[in-house]
Each structure stands twice: as C-alpha cells, then as structure tokens.
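1. pasted the sequence and its predicted model underneath.
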Amino acid sequence: MAYPILNRAQGQLEQGLPFVIYKKPKEFEIKGVFQRDTQLHSVTDFTESGFVFAPFDTVQSPILIQCDEVLSEVFTPGNISTTKNPLKKEVGASESYERMVSRAIEAIKSGQLEKVVLSRKKEVRVAASALVIFQRLVHAYENALCYLWHHPKIGTWLGATPEILLKSRGNSFVTMSLAGTQMVREEVEMPEWEKKELHEQQLVTDYIATALQDTTTDLKIGDLESVRAGQLWHLRTKISGRFEREKLGTLIRALHPTPAVCGIPTKRAKKFILENEHYDRMFYTGYLGELNLKNEVERSTNPRNTEQKAYRSVLESTELFVNLRCMQLDGTAASIFIGGGITSDSDPWKEWEETENKSQTILKVLLD
Ligand SMILES: C=C(O[C@H]1C=CC=C(C(=O)O)[C@@H]1O)C(=O)O
C-alpha cells in the first residue's frame, strides 16, 4: 500500500478496532484517528474530543472515535484509475421514487411543507476493498472530505462530501448553505441556474441565518457561488460569525439537520421523510468530523518582522461535514445513499435523474 497510514488502518480492520482515516478538502494530508478498544463512545454535550460520526436522526447520539492514537501523512495527488465509461443507469426502479416525490409536491402545494429533501438507497456488489475504495476517493475528489470510517459494532462507511456543517476555531465559525444541483458539461465554463434551484438554495440560506441568530454574533452572509463537486455543480453561500465556545453544542444542534438534508419546517419535513422514505438513512445526511481536536498552528510572533521566529501553538478546533455522497460497505455489498431537495417546482422524473447523477460520485470508484 502506498501510504503506511493505510497499513495501520488495515491492521485495525483485521483486529476489529474502531478507526477513521480521512483527507480534508484541498489539504495534502491523510489523517487517522485510531481507538485501542472496541467500546462504543457517544457524544453527550460536545465538550468531548475525538472524531464524531452522527446519524441523521437526532434521537440517536453521535458516536465518537477516541483519539488513542492520531497519525498523519503527506498525501501526493495523482491519477489512479477510476472508471471512465459512463455507467448504465438503473431502469425501472424510478416509479416508486417518482411517486414519493409527487406526494411531497402535493404536501408542499397544500401548504403542509415548504421544502423536503427525499432520498433512497442503491445497492450494488463490489469487488474492491474498503482501503482501495478510500484511495480512489482521495485521488478523485480533491475538494471533498474523503473518509473511511469503521467501528466493529456499527459497520464501515466511506464517502466524499462537499458540504461543511461547521468549521470553528476559537470563537469564530463558518458554515454553508449548499443546495441546487446540475451536471457539469465540459463545454460550459459556469452553469446557469433556474428559478427552482435559486429558490431551493435561498430557503436554506434564510433558514440557517435565522436558526443562528440567538447563538451567534457578527453574522455575515457571503456571496452566492457556483461550486463544483466531482461531476456536479451546486449553489453555495458561506455564512460566518462568532460564538461563545461553551455554546458549541447549541450551535451544532441549531444547524443539524439543515434544510439542505431535511426540509422546512424541520419537524414536519422530518416526519414526512420518516413516513415516506421507507428505509433507514442511518448516517447518511448526518455529520462527521473532528470535534475539539488539538491542532498545532504555526504563528509568527510579529507578522511584520520576518526574521522573528515562528512559534507553534496548540488550538482546539472543530471541523464537521454533512455526510453526503456516501456508502455503507458490508463485505461485497455496498449501499449508496442519494437524495435531493423537493420544492413546489420539482419535476419527479428530473429528481430521479438527479439521484442517479449523484450516485455516480461513488459508483465511479467502485468498479474494477
Ligand atoms: C441530499 C443530497 O444533497 C443535498 C446537498 C446539495 C444539493 C442538494 C440538492 O440539490 O437537492 C441537496 O440539498 C445528496 O447529495 O444526497
């Protein structure tokens, strides 16, 4: 294996011990958090430190992998093969998804909901191992958080997500409103967005801004941007501000689940999801990442004086991502999770196609 940290992960898998290996967006480092026993730790008040893995349903506690050992290794980007042929799209499975989307549109038009994010699970057989898939992910998706997470009492998950839930250091934080999807067409430099997508994303931005008002100060809503995630474009607005460190748990609870993965109003959208999707999302559309992790930061004592030596200080930071474009791996059986936001302007067939397009992010790294 190209990286010793991957051998360490392989050893952990063989011994049936919990771990996570991951690469953050645009960073050139693979990190690993390894736990020495099989205990299932959970997060209770967000003062804990470790790697958090939270389900969509807030009724269940987030899981924590404890930092018994933390390793990191320089990552060198390069091409490794992923499939180049467009994969055959599933035929015939679309009807029940389209019916569910139509029910959601009716609920929205009748005023019960404003927006709801619906999803499904796609099952495929794979020959590649978890570690091989992880390596393909980190090479294919430079701008995503790519991860392989394992706990013997829960299972194995992998993914490449473009969405930040919360990034905080000291008293400042950044989050984002990400919604609206279209396929990349290489002949078009920048995508054009329809009213439906702009509306869908604006709903998310407005919701987040309102949800954060009581817990934060100096709230800034950034510009609307088009961002690329693999073969997909999304609309994104960065939202930043300041908060009191002791309120980290309140902030996370205010953000999750955002209308980018659940809907508006949250409670009714969640009820609609639980009653209509007919499968368990588990950790898909939950969140994952570093919670109160100590990171060494290089600082200059005086930025104007270049001769003065830099010194290292240790800062606690939290960096959480929404668990999108992910899969659960059980031996050779992979379940890929995909979904999309439904508003009154949605077209059931297009929504089905969007989930098919999103599934390519993971399918691309599964085939041999
Ligand atoms: C729920 C998913 O995407 C969300 C994030 C970005 C764009 C979305 C959309 O266009 O609908 C969704 O809100 C998913 O990819 O499974």
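-> Looks like it came in fine.
2. hey, where'd the helices end up in this structure?
-> 4-15, 94-109, 130-140, 195-212, 248-255, 266-276, 348-363 (DSSP state H).
3. now distance to the ligand too, for these, in CSV please.
-> Backbone N, C-alpha and C define where each C-beta goes, glycine included. Below are the helices of the chain laid out as CSV (distance: least, Cβ to the nearest ligand atom, whole Å):
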stretch, distance to the ligand
helix 4-15, 26
helix 94-109, 12
helix 130-140, 15
helix 195-212, 7
helix 248-255, 14
helix 266-276, 11
helix 348-363, 5
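4. so which of the ones you listed gets nearest Gly32?
-> Checking the helices of the chain against Gly32 by Cβ to Cβ gives helix 4-15 as the closest, at 5.0 Å.
5. show me what counts as buried in the closest one.
-> Ile5, Leu6, Arg8, Ala9, Gln12, Leu13 (16 or more other Cβ atoms under 10 Å).
6. kindly reformat the helices of the chain as TSV containing mean pLDDT.
-> Putting these into TSV (pLDDT from 0 to 100) gives the following:
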stretch	mean pLDDT
helix 4-15	96
helix 94-109	97
helix 130-140	95
helix 195-212	95
helix 248-255	97
helix 266-276	97
helix 348-363	95
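7. which bits of the stretch 251-368 of the chain sit near the ligand?
-> Ala260, Val261, Leu324, Arg325, Ile338, Gly339, Gly340, Gly341, Lys358 (Cβ under 6 Å from any ligand atom).
8. if I look at Glu142, how far off is the ligand?
-> For Glu142, the distance to the ligand equals 18 Å [Cβ to the nearest ligand atom, to the nearest Å].
9. tell me the confidence at that residue?
-> In this model, Glu142 is scored at 93, pLDDT.
10. wait, it sits on Lys26?
-> Yes. If you go by Cβ atoms under 8 Å, Glu142 and Lys26 touch, sitting 6.5 Å apart.
11. these two: which is more packed in?
-> Glu142 (16 against 8; other Cβ atoms under 10 Å).
12. where does this structure have low pLDDT?
-> Counting by pLDDT under 70, the chain contains low-confidence ranges at 1, 79-92, 296-313, 368.
13. can you put the helices of the chain in JSON lines and add distance to Val188?
-> JSON lines is the format used below for the helices of the chain (distance: least, Cβ to Cβ, whole Å):
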{"stretch": "helix 4-15", "distance to Val188": "37"}
{"stretch": "helix 94-109", "distance to Val188": "26"}
{"stretch": "helix 130-140", "distance to Val188": "21"}
{"stretch": "helix 195-212", "distance to Val188": "15"}
{"stretch": "helix 248-255", "distance to Val188": "32"}
{"stretch": "helix 266-276", "distance to Val188": "32"}
{"stretch": "helix 348-363", "distance to Val188": "16"}
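14. and of the ones you listed, who's closest to Ser177?
-> From the helices of the chain, taking Cβ to Cβ, the stretch that ends up closest is helix 195-212, at 4.1 Å.
15. ok, and what's touching the closest one?
-> With Cβ atoms under 8 Å, 6 or more residues apart in numbering as the test, helix 195-212 has contacts from 114-115, 175, 177-182, 219, 221, 224, 235-237, 239, 241, 251, 254-255, 258-260, 264, 341, 343, 345-346.
16. now a PyMOL select for only the buried ones of the residues you listed.
-> Filtering these down to the buried ones (16+ other Cβ under 10 Å) takes a single PyMOL command:
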select buried, resi 114+115+175+177+178+179+180+181+182+224+235+236+237+239+241+251+254+255+258+259+260+264+341+343+346
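17. now, which of the residues of the stretch 251-368 of the chain next to the ligand lie within strands?
-> Counting by DSSP state E, those place Ile338, Gly339, Gly340, Gly341 in strands.
18. of the residues you listed, just the buried ones, ChimeraX syntax please.
-> Selection of buried members from those for ChimeraX, criterion 16+ other Cβ under 10 Å:
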select :338,339,340,341
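19. which single residue of the stretch 151-300 of the chain ends up nearest the ligand?
-> The ligand sits closest to Thr181 of the stretch 151-300 of the chain, with a gap of 3.5 Å, by Cβ to the nearest ligand atom.
20. so what pairs up with that residue in the strands?
-> Beta-bridge partners recorded for Thr181 (DSSP bridges): His234.
21. chain center to stretch 64-74, what's the gap?
-> 19 Å (Cα atoms, centre = their mean, to the nearest Å).
22. first vs last residue of that stretch, how far apart are they?
-> 25 Å (Cα to Cα, to the nearest Å).
23. any buried residues in that stretch, and which?
-> Buried residues in stretch 64-74 (16+ other Cβ under 10 Å): Leu64, Ile65, Gln66, Cys67, Glu73.
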